[in-house]
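S.K.: attaching a predicted model along with its sequence, questions to come.
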Amino acid sequence: MSKRQLIDEIRQYNTSVQPQFLAQFDEPALKQYLDHLESAQRKHVRIAGWVRKQPKLRLVS
């Protein structure tokens, strides 16, 4: 799915978000957010907030 398609899909769930704001994020981040919105829709959960997953840091010696 292209970045434009991801933004369009996200806006179907979150109509208040501006496309210019979403355009700042890369495709993996947009896909992760879309997955979150779809999951919440299936569970019929009202989303109070969303936190992006951070990559796990590893100690290198």
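M.R.: Yep, that arrived.
S.K.: which of the three states applies to residue 15?
M.R.: The three-state label given to residue 15 by DSSP: H, G, I helix; E, B strand; the rest coil is coil.
S.K.: pLDDT at it, what is it?
M.R.: As predicted, residue 15 sits at a pLDDT of 90.
S.K.: what's around it, how many residues?
M.R.: 7 (other CB atoms under 10 Å). All C-beta atoms are positioned from the backbone trio N, CA, C, and that covers glycine.
S.K.: 463 is where my numbering starts, stick with that
M.R.: Sure, I'll start numbering at 463, so the last one becomes residue 477.
S.K.: where do the strands sit along the chain?
M.R.: Read by DSSP state E, the chain holds no strands at all.
S.K.: tell me where the model's unsure across it.
M.R.: 506-514, 516-523 (pLDDT under 70).
S.K.: redo that, cut-off 90
M.R.: Applying pLDDT under 90 to the chain flags residues 463, 501-523.
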